[in-house]
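Participant: okay, sequence plus prediction incoming.
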Amino acid sequence: MPVSHFFLMVVYSAIVSLFFAALWRRDRKDQVKLFLQIFAGMVGGGLLLAYIMYPFPSGPPVPSP
């Protein structure tokens, strides 16, 4: 079963956000707020970067006949 890159990015972002929220904050409300901020920043930043890179080709130029 193939897994999409987007799904893997979301899972990775959730794990990293959970780790840093638990590490840096003690109060549950602050942990949730920081988790959402980090998670949105990572997923949103990844999508924004993908949108910016979309017009550029990903391989060598196609030879013309």
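Facilitator: Sure thing, it's come through.
Participant: which helix or which strand is home to the closest residue to Arg25 other than its chain neighbours?
Facilitator: Leaving aside its sequence neighbours, Arg25 sits nearest to Gln31 (Cβ to Cβ, 6 or more residues apart in numbering; 4.5 Å). Where C-beta positions appear, they are placed from N, C-alpha and C, glycine not excepted. Taking DSSP states H and E as the criterion, Gln31 maps to helix 28-53.
Participant: how about Trp24: what's its closest non-neighbour residue?
Facilitator: Leu34 (6.4 Å).
Participant: now for the one you found: which residues touch it?
Facilitator: Going by Cβ atoms under 8 Å, 6 or more residues apart in numbering, Leu34 touches 17, 20-21, 24-25.
Participant: buried ones among these?
Facilitator: Buried subset of the contacts of Leu34 (neighbour count, 16 or more other Cβ atoms under 10 Å): 17, 21.
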